[in-house]
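Asker: coords please:
(chains A and B)
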Amino acid sequence: MTASQARLRGAAPEPGWGTWAVRGAALTYLTVLLILPLFVIAQDGLRAGLAGLWRAVTLPVAWQALRLTLWTAALMAILNAGMGTLTAFVLVRYEFPGRDWLNLLIDLPLAVPTLVTGVMLVILYGPQGALGGWLESTFGWRVIFAPPGIVLALLFITFPFVVRALQPVLEALDRAQEEAAVTLGANAWTTFWRVVFPPLLLPLTTGTLLSFARAIGEFGSIVIVAGNIPLFSQTAAVYVFGEVESENRLGASAVSLVMLALAFVLVMLVDWLQRRRRSVSPQA
Amino acid sequence: MRAPANAAPVRTGTWQRRLLIGLVLTYVTLLVVTPLAALVYGAFAEGLPALGQALSQPVVWAAFGRTLIVAVIVVGVHSVFGTALAWVMVRHRFRGQRWLNGLIDLPFAVSAVVVGYMLLLVFGRNGLLAPVLSALQWRVAFAFPGLVLATLFVTLPFMARELMPVLEAFGPEQEQAAATLGATGWQTFWLVTLPALRWGFVYGVTLTFARALGEFGAVLVVGGGIEGRTDTATVYIYRALEERQYVSAYGTALALGLLSLAVVYASTFIRRRYRGA
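Answerer: Down below sits the predicted model:
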């Protein structure tokens, strides 16, 4: 790693004014677009001091919104980790009719605007929808304007994250080790858990964490699906939207700051894990 | 392209394999395919004439036009600055680089609403830059420039993240060779570096464009969703839903979804075709 870094260090072709201009432009771009807004919101959220921030965040409506956001995102992350691993495994290891189609479908949630995702789910599961009306009249299940709709929307949006994180690693795995495990008498489960799963753990963790981080901030689909009922189906992003609309600046800034801090910690954690992975296996 | 057909699969019994494949196909059908079918059904529920009428409204065209203009500007800006950013992050070493590297991913995780709100705090009526902006008579919040800024923020990671691994894999050797042969910095960049980045660039543009088409939260907060001034396609869908104009909402949602899908899949196919990857 250090050797290649040293090589890279000497890479810039003539460190003249051109290099400095490009570096200056890139860093200015990042500063204006990213760092300045972050700085301003941090300052605004802390205007009333830490105590004021705490009071604004622990208001029952805000607190419930944050709690709902976290548990729906966590539930989604667990389901997504399981189904994502299974999907990646089936895609890489099995031949079956429709596999190419399935592979194409994985990227679909990345391409569909999340607001459109919300619209789809409301048509399908809404009280007047085909499936929604049946679920409610038969089982008394409410999906739309309730937490299950939120989890469903989050599952749709983040589906590619785990699958696409695992696929290349599964493809690169050395099958000889599995053959050896089977030869030594291990059954399919033991082989999976002891041989296939360990190298998947790190990409699975980063993929799951990324989907969790993405879910915490999700707005477009949730605002359609969740119906914005305070204390019941209002997530943190929808709460901030309401506070901005009603010009309650402290409430909006405080909850925004909590969400930003969560996003920041998660992104840095993923960054760190990925760097660790690269230093463990340089070609991965 | 993926697992060769002759590779020995993991030794699971036939019924286990059927169960796993069935489980995955059911999950994807329920989660992804059925909602998509529902959208198509919803858009056509009142018949083709109603859908045609809804989609030919001038408001819808104006909103789509605004979305496309914003997306094109954003792709243009990120093509230049995103490439510069990727290049600086890979080829240069400076203090605080690790932090910046993490920060690039932040827009990916930050809520779009928070993005819009942050931009209001900087560019809004009582914002940090309000004195400067009013002196210059520039309107950013609740105006077109705000839409562009919000979309720029949200799409920040895509270009740089697509290009950085390509630049890392490409290495500086060929650039150094070009420099040794007497090429200037610009010649090296145009004739050596840029051609190598081609596919990363295409994919970066695609992702940026698709994400820009679908941006909603940040654009709604910064733009305020003023009809005829700051409503994009997504904002129009949201408003049509609120006003219970379901055919317009579903029809526009279907059109936007198909456009976005077409962009992403077109680039996937082109890339596969030319690279065989």
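Asker: buried set for the helix or strand hosting A:Phe161?
Answerer: Take DSSP states H and E as the rule and A:Phe161 turns out to sit in helix A:147-172. By neighbour count with 16 or more other Cβ atoms under 10 Å in any protein chain shown, helix A:147-172 contains the buried residues A:147-167, A:169-170. Yep, even glycine has a C-beta here, placed from its N, CA and C like the rest.
Asker: output the contacting helices and strands for that helix.
Answerer: When contacts are defined as 3 or more Cβ pairs under 8 Å, 6 or more residues apart in numbering or on different chains; DSSP states H and E, helix A:147-172 sits against helix A:60-93, helix A:99-106, helix A:108-111, helix A:114-125, helix A:197-217, helix A:220-225.
Asker: got the angle between that helix and helix A:197-217?
Answerer: 150 degrees (axes from the mean of the first three to the mean of the last three Cα atoms, to 10 degrees).
Asker: same question for helix A:147-172, mean pLDDT?
Answerer: Over the span of helix A:147-172, the pLDDT mean works out to 94.
Asker: likewise for stretch B:82-102?
Answerer: pLDDT averaged over stretch B:82-102 gives 86.
Asker: okay, buried residues for it please.
Answerer: Result for stretch B:82-102 [16+ other Cβ under 10 Å]: buried residues B:82-92, B:100, B:102.
Asker: for stretch A:103-114, same thing?
Answerer: Residues of stretch A:103-114 classed as buried: A:103, A:105-114 (neighbour count, 16+ other Cβ under 10 Å).
Asker: follow-up on the earlier one: and the next helix or strand past the helix holding A:Phe161?
Answerer: The helix or strand immediately downstream of helix A:147-172 is helix A:175-183, counting by DSSP H and E.
Asker: enumerate the positions of the following helix or strand past that following helix that are buried.
Answerer: Going down the chain from helix A:175-183, the next helix or strand is helix A:188-191, by DSSP H and E. For helix A:188-191, the neighbour count (16+ other Cβ under 10 Å) marks A:188, A:191 as buried.
Asker: can you tell me if helix A:188-191 touches chain B.
Answerer: Yes. Using Cβ under 8 Å from any Cβ of the partner chain, helix A:188-191 reaches chain B at A:188, A:191.
Asker: a markdown table for the buried residues of stretch A:103-114, including distance to A:Thr85 and pLDDT?
Answerer: A markdown table is the format used below for those (distance: Cβ to Cβ, whole Å; pLDDT from 0 to 100):
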| residue | distance to A:Thr85 | pLDDT |
| --- | --- | --- |
| A:Asn103 | 16 | 91 |
| A:Leu105 | 17 | 92 |
| A:Ile106 | 13 | 93 |
| A:Asp107 | 18 | 89 |
| A:Leu108 | 19 | 93 |
| A:Pro109 | 17 | 93 |
| A:Leu110 | 19 | 89 |
| A:Ala111 | 23 | 90 |
| A:Val112 | 23 | 94 |
| A:Pro113 | 27 | 95 |
| A:Thr114 | 24 | 95 |
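Asker: filter those residues by proximity to chain B?
Answerer: Restricting the buried residues of stretch A:103-114 to those near chain B - Cβ under 8 Å from any Cβ - leaves A:103, A:105-114.
Asker: picking that back up, what's the closest of the buried residues of stretch A:103-114 to B:Leu25?
Answerer: Closest approach to B:Leu25 among the buried residues of stretch A:103-114 (Cβ to Cβ): A:Leu105, at 9.9 Å.
Asker: correct me if wrong: that closest one contacts B:Val32.
Answerer: Yes. Between A:Leu105 and B:Val32 there is a contact at 5.7 Å, judged by Cβ atoms under 8 Å.
Asker: quick one, domains of chain A?
Answerer: What automatic domain parsing lists as the domains of chain A is A:14-45, A:49-280.
Asker: so which residue is dead centre in the chain?
Answerer: In the absence of a named chain, this looks at chain A. A:Ser211 (1.9 Å; Cα atoms, centre = their mean).
Asker: that was the other one, I meant chain B.
Answerer: Geometric centre of chain B, nearest residue: B:Arg211, 2.1 Å, by Cα atoms, centre = their mean.
Asker: and the residue nearest to it when sequence neighbours are not counted, what does it touch?
Answerer: Distances taken as Cβ to Cβ, 6 or more residues apart in numbering or on different chains put B:Thr155 closest to B:Arg211, at 5.0 Å, once the chain neighbours are dropped. Shown in contact with B:Thr155 (Cβ atoms under 8 Å, 6 or more residues apart in numbering or on different chains): B:74, B:78, B:107, B:207-208, B:211-212, B:215.
Asker: which residues touch the residue of the stretch 1-150 of chain A found nearest chain B?
Answerer: Closest contact between the stretch 1-150 of chain A and chain B, by Cβ to the nearest Cβ, is at A:Pro113 (2.6 Å). Residues near A:Pro113 by Cβ under 8 Å, 6+ apart: A:220, B:213-216, B:234, B:256-257, B:260.
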